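*Asks:* fold the following for me, if possible:
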Amino acid sequence: MTDRIAKKRFQFTVWIRDVQFNSLGSFFLKLSVRSTFSSDYSAIWVKDLAISDRYVPGYYVTTDVVHQEDKTKFLQFHRNKFVFFLPKGFCNNDASHDVYLLVEAFKTDDDSSSSKRKVGESKYGIFPRTNKPKANLYARPGENMYTHTDVWTLLRTPSSDNLVMHCGRMRCTATFAETQQSPDEAGRHSPVAEDDPRDEEEDSPGRDTARQNEHHPLDGNTDEPEPTPRTPDLIFKLPESPTPPPTDRTTPDEPAPPPPVPDDLNIDTSPPTKAEVRNAIKAMKSGKAPGVDSIHAEMFKTNLSTATRVLTNLFDTIWDKETIPSDWDKGLIIKIPKKGNLQVCDNWRGITLLSIPSKVFCRILLGRIETAIDKKLRQEQTGFRKRRGCTDQIFTLRNIIEHTLEWNCPLYINFIDFKKAFESIHRGTLWKILRSYGLPLKIVSLIEIFYNDFECSVTLSNTSSKWFLVKSGVRQGCTLSSILFLVVIEWVMRKTTSDKPRGIQWTLFSQLEDLDFADDIAFLSVKLDHLQGKTDRLERYAKQTGLTINTSKTQVMSINTTPTAHVTVNGDPLEFAQDFTYLVISSAKNMEAKKTSRQDSVKPAVLSPNCRTFGTLTNTPPKQR
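*Replies:* Residues are numbered from 1 along each chain as shown. This is a model prediction of the structure:
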């Protein structure tokens, strides 16, 4: 029996159902397979079922971070189910051979494992002879040799044999079964690209980052010596899309024609001064994650004079030669969960971390162009602009609806939603539009060099994917991205509303066509055909910049009128809505919608001068005269 067990391969599955800690704070768990008779863990593989169904080499995994805000509550991890592949010879039906799972609890100061302190541990026997109940050694392949359900375990404090001394407890389910598949047969190479990046680009920054992360940040925190696992440089790969991306994400079918270039705006094109560099460094926020170069903003703020001198010399060279360091055109993407089913990729938001020195340079560019461009933008746009905000648009829209109800006037509102707006901008069109708005060629060229070879890598735990080019959209996390996007939307909206008036009467000699907050657009019209005309023109000109209207989320609201037809986009009818959430505020046709959290929090003291009356608005329709 001993020899037969030693010749088998097994898989051990553990599911952390609940966890509860005795103190408040942020915690995560490390799970590792250990053996009393072997220190060679190189043949062990593991898969995290919350991320992938493929094996990767390694003998330990970590959960995500949970926050214990109430000591009476039980918490659940998102990454909570793991499968360990145990090779032949690792398990042996011998009393002296003990294979177990070591669960270690760590307390951290943030949402990562960069700063941690071990607070407890627990051991769970995987295949000792003393398993209760004992394993069914005669189980067939595919059948569980044992299943332990809802096992409660105390996380004992380190160096304590007293079971009362513990930091918390957890509930888990574990199964143990023979498997006839090896990790190769289960597709162990799936998380790594077929053209293995280890065979090329040996000196790329991605390679350096992966090698630095080969040693897990938890190593050295346990009392037992850590074996050396066989860990590949990269063990994560972006899922390949079954269909190619839409062409309008890279090259529009009908690119925007080059508009005439007017006289350049009055923008300084000389190299940055020391005062600009110093002010840009001081404006950087502390406590932000660094990019691939691992340089924090606090490093510059610690010795401001030295940092100013060094960066000024560097920026002079960049300004003159129009080339940037290799780390500046690379971004690290980390994922942040959104609401909904986290098994769906769309319910995760990617956040890109860029080089901090590059942000200092871009902040200087922003300071030079922001005021000049702001004067070019339409009054209807309030997104990403000083002394303007969503409260202005909320007040204006609510006021329009109230007056429409009071005077019994017809009103149509089309709430426009774009698909992945910031990621879809066609960059060739962006450069043309910037020049058409009078940005000097020198400034446009400096902005363009950040996009020519912009690459990203997805980071997950201590692993990174292969670097890939990002060919469309504005850079996420860059201080210039918001104003660059506004210029594109500005051009689209000017072209959309320039042919003839189709809005509502605003003053004696002007009409209001729309309300904009970045890419959140609300078209206003008193006639349905006017609204259709503006929507058609928007679809046409938006497509020239790479933007596409999302028909599933774009909705129309009619007030004091019954629509006789649907507004369409490319032949697809848009849904008529009784109420719609615009800028987190729910607007209803009869103005009886309940206040949302933002409405409750808005106070006249924090509004711009022309919005002070927002605090006096009510949700009930005004009395008829």
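*Asks:* so how far is residue 147 from the most centrally placed residue in the chain?
*Replies:* With distances taken as C-alpha atoms, centre = their mean, the residue of the chain nearest its centroid is residue 350 (2.3 Å). In this structure, residue 350 and residue 147 are 37 Å apart, going by C-beta to C-beta, to the nearest Å. (Glycine included, C-beta is placed from N, CA and C.)
*Asks:* the bottom helix or strand of the chain by mean pLDDT?
*Replies:* Least confident helix or strand, the chain: helix 205-212 with a mean of 36, by mean pLDDT, DSSP states H and E.
*Asks:* follow the chain on from that one and name the next helix or strand.
*Replies:* helix 274-283 (DSSP states H and E).
*Asks:* starting at the chain centroid, how far to that following helix?
*Replies:* With C-alpha atoms, centre = their mean, to the nearest Å as the basis, helix 274-283 stands 29 Å off its chain's centre.
*Asks:* the host helix or strand of residue 104 pairs with which strands, and in what direction?
*Replies:* Under the criterion of DSSP H and E, residue 104 resides in strand 99-108. In the sheet, strand 99-108 lines up against strand 25-35 (antiparallel), strand 116-125 (antiparallel) (DSSP bridges).
*Asks:* helix, strand, or coil at the nearest residue to residue 53 once chain neighbours are set aside?
*Replies:* Nearest-residue entry for residue 53: residue 47, 6.5 Å, with adjacent residues in sequence omitted and distances by C-beta to C-beta, 6 or more residues apart in numbering. State at residue 47, reduced to three classes by DSSP: H, G, I helix; E, B strand; the rest coil: strand.
*Asks:* what about residue 47, how many neighbours?
*Replies:* Counted by other C-beta atoms under 10 Å, the residues lying close to residue 47 total 25.
*Asks:* how about residue 84?
*Replies:* Residue 84 - counted by other C-beta under 10 Å - has 26 other residues nearby.
*Asks:* how about residue 407?
*Replies:* Residue 407 has 10 nearby residues by other C-beta under 10 Å.
*Asks:* rewinding a little: a markdown table for the strands paired with strand 99-108, including mean neighbour count?
*Replies:* Formatted as a markdown table, the strands paired with strand 99-108 follow (neighbours: other C-beta atoms under 10 Å):
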| stretch | mean neighbour count |
| --- | --- |
| strand 25-35 | 21 |
| strand 116-125 | 19 |
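*Asks:* what's the least confident stretch among those strands?
*Replies:* Lowest mean pLDDT within these: strand 116-125, a mean of 87.
*Asks:* pull the residues that contact that strand.
*Replies:* Here strand 116-125 makes contact (C-beta atoms under 8 Å, 6 or more residues apart in numbering) with 14, 21, 27-28, 98-108, 131, 151, 153-158, 166-168, 170, 172, 174, 217-218, 221-222.
*Asks:* mark which of those are buried, thanks.
*Replies:* With burial judged by 16 or more other C-beta atoms under 10 Å, the buried subset of these is 14, 21, 27-28, 98-108, 153-158, 166-168, 170, 172, 174, 217-218, 221-222.
*Asks:* mind checking how far the host helix or strand of residue 360 is from the chain centre?
*Replies:* Using DSSP H and E, the element containing residue 360 is helix 356-374. Centroid separation for helix 356-374 versus its chain: 23 Å, with C-alpha atoms, centre = their mean.
*Asks:* the inter-axis angle of it versus helix 274-283?
*Replies:* Going by axes from the mean of the first three to the mean of the last three C-alpha atoms, to 10 degrees, helix 356-374 is angled at 110 degrees with respect to helix 274-283.
*Asks:* can I get stretch 320-329 in CSV, CA atoms only?
*Replies:* Presented in CSV, the C-alpha positions along stretch 320-329 are these (Å, rounded to 0.1, in the frame of the first residue of the first chain):
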residue,chain,number,x,y,z
ASP,A,320,15.4,69.3,-26.6
LYS,A,321,15.6,65.7,-28.0
GLU,A,322,11.9,64.8,-27.7
THR,A,323,12.8,61.4,-26.3
ILE,A,324,11.7,60.0,-22.9
PRO,A,325,13.2,57.3,-20.6
SER,A,326,12.0,53.8,-21.4
ASP,A,327,10.2,53.5,-18.0
TRP,A,328,8.0,56.5,-18.9
ASP,A,329,6.1,54.7,-21.7
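*Asks:* quick one: mean pLDDT over that stretch.
*Replies:* 93.
*Asks:* give the buried residues for that stretch.
*Replies:* By 16+ other C-beta under 10 Å, the buried positions in stretch 320-329 come out as 324, 327-329.
*Asks:* shaky segments in the stretch 51-200 of the chain?
*Replies:* Regions of the stretch 51-200 of the chain meeting the criterion pLDDT under 70 cover residues 93-97, 110-114, 128-134, 142, 158-164, 184-200.
*Asks:* over to the stretch 451-600 of the chain?
*Replies:* Using pLDDT under 70, the stretch 451-600 of the chain drops low at 580-600.
*Asks:* mind listing the strands for it?
*Replies:* Ranges of strands in the stretch 451-600 of the chain, per DSSP state E, counting those that start in this stretch, are 455-460, 463-464, 468-469, 504-505, 511-512, 514-517, 520-525, 555-559, 568-569, 572-573, 575-576, 579-582, 585-588.
*Asks:* format those as CSV; extra columns: mean neighbour count.
*Replies:* Below are the strands of the stretch 451-600 of the chain laid out as CSV (neighbours: other C-beta under 10 Å):
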stretch, mean neighbour count
strand 455-460, 19
strand 463-464, 24
strand 468-469, 12
strand 504-505, 16
strand 511-512, 16
strand 514-517, 22
strand 520-525, 24
strand 555-559, 20
strand 568-569, 16
strand 572-573, 12
strand 575-576, 13
strand 579-582, 17
strand 585-588, 18
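*Asks:* distance check, the residue nearest to residue 106 when sequence neighbours are not counted against residue 410.
*Replies:* For residue 106, ignoring the flanking residues on the chain, the nearest one in space by C-beta to C-beta, 6+ apart is residue 116 at 4.3 Å. Plainly put, residue 116 is 62 Å away from residue 410 if you go by C-beta to C-beta.
*Asks:* residue 434 touches residue 448, doesn't it?
*Replies:* No. With contacts counted by C-beta atoms under 8 Å, residue 434 stays clear of residue 448, the gap being 9.1 Å.
*Asks:* domain map for the protein?
*Replies:* 2-190, 274-616 (automatic domain parsing).
*Asks:* wait, which of these is closest to residue 265?
*Replies:* In terms of C-beta to C-beta, the element of the domains of the chain nearest to residue 265 is domain 274-616, at 4.0 Å.
*Asks:* check the offset of that closest one from the chain's centre.
*Replies:* 16 Å.
*Asks:* can you check stretch 101-108 too?
*Replies:* 27 Å.
*Asks:* hey, C-alpha coordinates of it in PDB?
*Replies:* Extracted C-alpha coordinates of stretch 101-108, given in PDB (Å, rounded to 0.1, in the frame of the first residue of the first chain):
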ATOM      1  CA  LEU A 101      -1.400  22.700   4.800                       C
ATOM      2  CA  LEU A 102       0.000  25.700   6.700                       C
ATOM      3  CA  VAL A 103      -2.400  28.600   7.000                       C
ATOM      4  CA  GLU A 104      -0.800  31.800   8.100                       C
ATOM      5  CA  ALA A 105      -2.700  35.000   8.900                       C
ATOM      6  CA  PHE A 106      -1.200  38.400   8.300                       C
ATOM      7  CA  LYS A 107      -2.300  41.900   9.300                       C
ATOM      8  CA  THR A 108      -1.500  44.700   6.800                       C
END
